[in-house]
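Q: make a model of this:
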Amino acid sequence: MKQLTLALMAALAALPAHGEQLPQWFTNAHAAQEKARQENKTVLLDFTGSDWCGWCMKLKKEVFDQPEFAEFAQANLVLVEVDFPHHKQLDEAQKQANDRLAQTYHITGFPTIILLDKDGRWVGRTGYLPGGPGAFDAALSRILKTDTQNSQEPQSQPGKPRKPLTFPSLPPAVSNHYGSLALKGISGTKDRRLVLINNQTFLAGETAGVKVQDRVAVVHCKEIRDDSVLITADGTPMELKLGSR
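A: Coordinates of the predicted model:
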């Protein structure tokens with residue numbers, strides 16, 4: 001009886017507190033886009049490997065399952081899970097729809113977060129960020145406030161699907177060359193700067209895959225300066241300057 005009571009208490013403790021609701025997640029991107037259009041919200045596409053990707057599970061536990069994110073999502077977002085599980089079975093139509101989305105937005109690793117405006121236009125992208133829902137919500141807010149002229153359309157981001165990225169870095173099995181990484185532009189205000197590295201846009205603190213010759217490098221934007229940016233590429237620190245290659 002005592003064990004049953006303890007189990008019941010543990011189960012109740014796992015439930016959301018009174019008044020708290022977990023956000024609704026769509027699997028149909030078209031339905032989500034229609035809802036976003038009606039409610040004037042942003043669509044968040046979460047490209048995930050829900051039952052095998054450790055960073056995806058970490059993002060879900062630390063951010064998506066938290067009431068602070070639920071409150072932010074309720075006010076600003078329509079959420080879509082684009083899942084690529086290894087163990088859970090998806091029906092064939094869902095698998096094909098998810099594959100099409102991954103091809104459209106050139107997904108090279110998980111988790112990848114793509115943001116679209118209410119009309120389906122590209123807003124930005126990000127991935128796992130440390131710091132819980134507060135840091136994640138703040139990063140999304142910065143992206144949503146960014147002038148859409150500084151955003152890169154997905155068509156300008158070529159890349160072939162590859163094995164999921166492991167953040168923050170991958171130890172290189174062979175010598176890596178980053179001569180083709182180039183800082184192509186710095187925009188925004190002093191307090192909210194963006195940089196364009198090759199075909200990928202970054203805010204300070206963001207991490208994403210960048211096409212380098214015939215592969216994808218994991219680039220983390222550490223600091224944006226007046227005419228240069230400090231980054232790490234697969235864990236290797238470097239500075240990129242405007243006009244240099």
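
Q: C-alpha only now, for contacts and for neighbours.
A: Noted.

Q: count of residues packed around Glu239?
A: The criterion is other CA atoms under 10 Å. On that basis, Glu239 has 14 neighbouring residues.

Q: tell me the domain ranges of this protein?
A: Using automatic domain parsing, the domain parsing of the chain gives 23-155, 183-241.

Q: so how far is Ser180 from Leu22?
A: Here the distance between Leu22 and Ser180 works out to 43 Å (CA to CA, to the nearest Å).

Q: and these two? which has more neighbours close in?
A: Neighbours per residue (other CA under 10 Å) separate Leu22 from Ser180, with Leu22 holding more: 17 against 11.

Q: that's a helix at the more buried one, yeah?
A: No - with DSSP: H, G, I helix; E, B strand; the rest coil as the criterion, Leu22 is located in coil rather than a helix.

Q: state the distance from it to Ala32.
A: Relative to Ala32, and taking CA to CA, Leu22 is found at 17 Å.

Q: and for Lys58?
A: Distance, Lys58 to Ala32, by CA to CA: 24 Å.

Q: export stretch 75-87 to PDB, keeping only CA atoms.
A: C-alpha atoms of stretch 75-87 as PDB (Å, rounded to 0.1, in the frame of the first residue of the first chain):
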ATOM      1  CA  ALA A  75       1.500  33.900 -27.400                       C
ATOM      2  CA  ASN A  76       3.800  33.600 -30.400                       C
ATOM      3  CA  LEU A  77       4.200  30.200 -32.000                       C
ATOM      4  CA  VAL A  78       2.500  27.300 -33.800                       C
ATOM      5  CA  LEU A  79       4.600  24.300 -33.100                       C
ATOM      6  CA  VAL A  80       5.400  21.400 -35.600                       C
ATOM      7  CA  GLU A  81       7.300  18.300 -34.800                       C
ATOM      8  CA  VAL A  82       9.100  16.900 -37.800                       C
ATOM      9  CA  ASP A  83      10.300  13.600 -36.500                       C
ATOM     10  CA  PHE A  84      12.900  11.100 -37.800                       C
ATOM     11  CA  PRO A  85      12.700   8.300 -35.200                       C
ATOM     12  CA  HIS A  86      14.700   5.100 -35.300                       C
ATOM     13  CA  HIS A  87      12.400   3.000 -33.200                       C
END
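
Q: list the buried ones in it?
A: Burial within stretch 75-87, assessed by neighbour count using 16 or more other CA atoms under 10 Å, is assigned to Asn76, Leu77, Val78, Leu79, Val80, Glu81, Val82, Asp83, Phe84.
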